[in-house]
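Next come a sequence and a model predicted from it.
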Amino acid sequence: MKRTKITDLLTPALIGQVVTTAGWVRTRRGNKHVQFVALNDGSTVKNLQVVFDMAKFSDEQLKSVTTGSSIKVTGILVESMGKGQTTEIQAESFVLLGASDPDTYPLQKKGHTLEFLREIAHLRPRTNTFGAVLRIRSALAFAVHKFFQEKGFFYLNTPLITASDCEGAGAMFQVTTLDLANLPKTEDGSIDYSQDFFGKPTALTVSGQLEGELGATALGAIYTFGPTFRAENSNTPRHLSEFWMIEPEMAFYEIEENMDLAEEFIKYCVRYALDHCRDDIEFLSQMYDPELISRLESVLADEFVRLTYTEGVKILEESGKKFEFPVSWGTDLQSEHERYLVEEHFKRPVILTDYPKDIKAFYMKLNEDGKTVRAMDVLFPKIGEIIGGSEREADYNKLLTRIEEMNIPMKDMWWYLDTRKFGTVPHSGFGLGFERLVLFVTGMTNIRDVIPFPRTPNNAEF
């Protein structure tokens, strides 16, 4: 008989029918007359209760139905008299699919800390918390594609292996096939990369933006959605060494249209999660963050505040609040500064614009003042920066000047400059770290808990 998912059995539609389902046992309790098994198959945060009438089953048969074991069960779906559940199965027969040793199974009925669960990342998706997080993550990924596809954007795959450092930070993971114990050298003693696989130094990408711009200046509007890598030694709850980035790039967009798109996009994703993952969000709200749903709804209700970096710094300087990192014009804002503006001053999301050119990347369009660039950062409660973007510099000579000022090797950038020589246009884009979006929507507090297998300094387990 075909298996029915538990999420479909929790609705009244199949009541009275003989059904088959399968899943992992969360708990088993009862007495010599009746036994109750809570079964979960990952399709929903809710368990399905399976009732075993002990007139039909023996203790010996049920002995192996322990927490963590997997079973397939057939029976009649009936309305449940139990509190908090709509339906249950009255078991007619079952098959043990996989036993689980109750003495060594790490996920016992008690609560576990998130730190402990990171140590068993191969099993933590079976918990209610991580099942909920991963279902929300999946829904948000679908929402990303749905939003951009509905707006006529084209999905562009940019390379993971690259010879260019988009951010200019140098924090890249090198890709090589050279024997690290016996590196070939040139006459001057430097490494001879001509003998490497690609014939030059290459690394894992920190961003698909530069290639994305090439797509936008041909197809009009594109988006990328894929893994990116940062070799920064950042052990914080907001940083990963491997994470996923969403990067739209749009020809004929100036900074205002870029901000409009960013606000529309993030609201769309939050609304999609609230509409399609309500049970999971409610569970996470009950367990971790009672203000989660109201915070998500407030993002949808309010227009984002828009102000310049200069105005933001003035507010911070006049706030009277003592920050861990002092703030003054020209300094890069820290998370504490961003969150003050969002959570305490404006009490809603903020888009900061017109940052000093010296703290931003080379490709951002220079303002007429010669000191600031048309950058924009979207700042969110609990998170700080969730989106970073800009209008890109479309002028060949200005872009070339910035590249030379920042000592970026020209041999790596000729192709990027070419687009400014042949039919250049105003264009803009932004990047959203997907995990930060998932962090916000789930109410989790550590970014390691919103990706299945986190990669961080000194940690590449599983």
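Thanks, I have it.

Can you list the neighbours in contact with the host helix or strand of A218?
Using DSSP states H and E, A218 sits within helix 209-219. Identification of contacts with helix 209-219 by CB atoms under 8 Å, 6 or more residues apart in numbering yields 154, 156, 158-159, 164, 166, 222-224, 247-251, 363, 392, 415-416, 419, 423-425, 427, 429, 431. C-beta: built from backbone N, CA, C; applies to glycine.

For ChimeraX, write the selection for the buried entries among those.
Here is the ChimeraX command that selects the buried residues among those (16 or more other CB atoms under 10 Å):
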select :156,158,164,166,222,223,224,247,248,249,250,251,363,392,416,419,424,427,429,431
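
Could you list which of the contacts of helix 209-219 belong to helices?
W415, Y416 (DSSP state H).

Just the ones of the contacts of helix 209-219 in strands?
Judged by DSSP state E, these include F154, I222, Y223, T224, E247, P248, E249, M250, A251, H427, G429, G431 as members of strands.

Let me have the residues you listed in JSON lines, extended by distance to V342 and pLDDT.
Rendered in JSON lines, the data for the ones in strands among the contacts of helix 209-219 read as follows (distance: CB to CB, whole Å; pLDDT from 0 to 100):
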{"residue": "F154", "distance to V342": "33", "pLDDT": "98"}
{"residue": "I222", "distance to V342": "30", "pLDDT": "98"}
{"residue": "Y223", "distance to V342": "25", "pLDDT": "98"}
{"residue": "T224", "distance to V342": "27", "pLDDT": "98"}
{"residue": "E247", "distance to V342": "23", "pLDDT": "98"}
{"residue": "P248", "distance to V342": "23", "pLDDT": "98"}
{"residue": "E249", "distance to V342": "26", "pLDDT": "98"}
{"residue": "M250", "distance to V342": "26", "pLDDT": "98"}
{"residue": "A251", "distance to V342": "31", "pLDDT": "98"}
{"residue": "H427", "distance to V342": "28", "pLDDT": "98"}
{"residue": "G429", "distance to V342": "23", "pLDDT": "98"}
{"residue": "G431", "distance to V342": "19", "pLDDT": "97"}
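
now the residues you listed in TSV, with distance to P106?
Putting those into TSV (distance: CB to CB, whole Å) gives the following:
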residue	distance to P106
F154	45
I222	44
Y223	39
T224	37
E247	38
P248	41
E249	44
M250	47
A251	52
H427	51
G429	44
G431	37
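
Pick the one among those residues closest to E324.
G431 (26.1 Å; CB to CB).

Next, the contact list for the closest residue to E242 other than its chain neighbours, please.
Using CB to CB, 6 or more residues apart in numbering and skipping the chain neighbours, the partner closest in space to E242 is R455 (3.9 Å). Applying CB under 8 Å, 6+ apart, we find R455 in contact with L240, S241, E242.

And R455, how close does it get to F462?
For R455, the distance to F462 equals 10 Å [CB to CB, to the nearest Å].

Likewise for V37?
29 Å.

Can you pull the poorly scored residue ranges out of this protein?
For the chain, the stretches with pLDDT under 70 are 165-170.

50 - rerun?
Within the chain, no range satisfies pLDDT under 50.

Mind checking which of the contacts of R455 land in strands?
Within those, residues falling in strands by DSSP E are E242.

Whichever of the contacts of R455 end up buried, select them in PyMOL.
Of the contacts of R455, the buried ones go into a single PyMOL selection, burial set by 16+ other CB under 10 Å:
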select buried, resi 240+241+242
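
A262: which of the contacts of R455 is nearest?
L240 (21.5 Å).

That closest one contacts E435, doesn't it?
Yes: L240 lies in contact with E435 (CB atoms under 8 Å); the separation is 6.2 Å.

what about K322, neighbour count?
Close neighbours of K322, defined as other CB atoms under 10 Å, add up to 6.

any idea how far it is from Y340?
Noted for K322: a distance of 11 Å to Y340, by CB to CB.

do R126 as well
Taken as CB to CB, the span from R126 to Y340 is 39 Å.

Looking at those two, which has the bigger crowd around it?
Between R126 and Y340, counting by other CB under 10 Å, Y340 is the more crowded of the two (22 against 17).

Quick check: I293 vs T308, distance?
In terms of CB to CB, I293 sits 32 Å off from T308.

These two - which one has more neighbours?
Each of I293 and T308 has its neighbours counted (other CB under 10 Å); I293 has more, 16 against 13.

Give the helix, strand or coil label for the more buried one.
helix (DSSP: H, G, I helix; E, B strand; the rest coil).

How about T7?
Strictly by three-state DSSP, T7 counts as helix.

give me every residue that touches it.
Going by CB under 8 Å, 6+ apart, the list of residues near T7 reads S43, T44, K46.

what about E88, helix or strand, and which?
Going by DSSP H and E, E88 is in strand 87-98.

what separates that strand from the chain centre, distance-wise?
Distance of strand 87-98 from its chain centroid, counting by CA atoms, centre = their mean, to the nearest Å, is 36 Å.

same question, stretch 32-39
Offset of stretch 32-39 from its chain centre (CA atoms, centre = their mean): 39 Å.

buried sites along it?
Residues of stretch 32-39 classed as buried: Q35, V37, A38, L39 (neighbour count, 16+ other CB under 10 Å).

Stretch 176-190 now?
Of the residues in stretch 176-190, none is buried (16+ other CB under 10 Å).

Now tell me what touches it from outside.
By CB under 8 Å, 6+ apart, stretch 176-190 touches I191, D192, Y193, Q195, D196, F197, P201, T202.

how long is that stretch end to end?
15 Å (CA to CA, to the nearest Å).

one step back: if we only consider the ones in strands among the contacts of helix 209-219, which is nearest to S69?
Once CB to CB is applied, the member of the ones in strands among the contacts of helix 209-219 that ends up nearest S69 is T224, at 42.3 Å.

Roughly how far does the residue nearest to the closest one when sequence neighbours are not counted sit from K411?
For T224, ignoring the flanking residues on the chain, the nearest one in space by CB to CB, 6+ apart is G208 at 4.1 Å. Using CB to CB, we find G208 at a distance of 21 Å from K411.

ok, the two, which is more surrounded?
G208 (28 against 8).

Could you give the bridge partners of M245?
Note on M245: beta-bridge partners G226, G433, judged by DSSP bridges.

So which residues of the stretch 351-462 of the chain form strands?
All strands of the stretch 351-462 of the chain, identified by DSSP state E, counting those that start in this stretch, fall at 372-380, 384-391, 427-433.

which residues of the stretch 1-150 of the chain fall in helices?
Here the stretch 1-150 of the chain has its helices, by DSSP state H, counting those that start in this stretch, at 6-9, 59-62, 114-119, 128-150.
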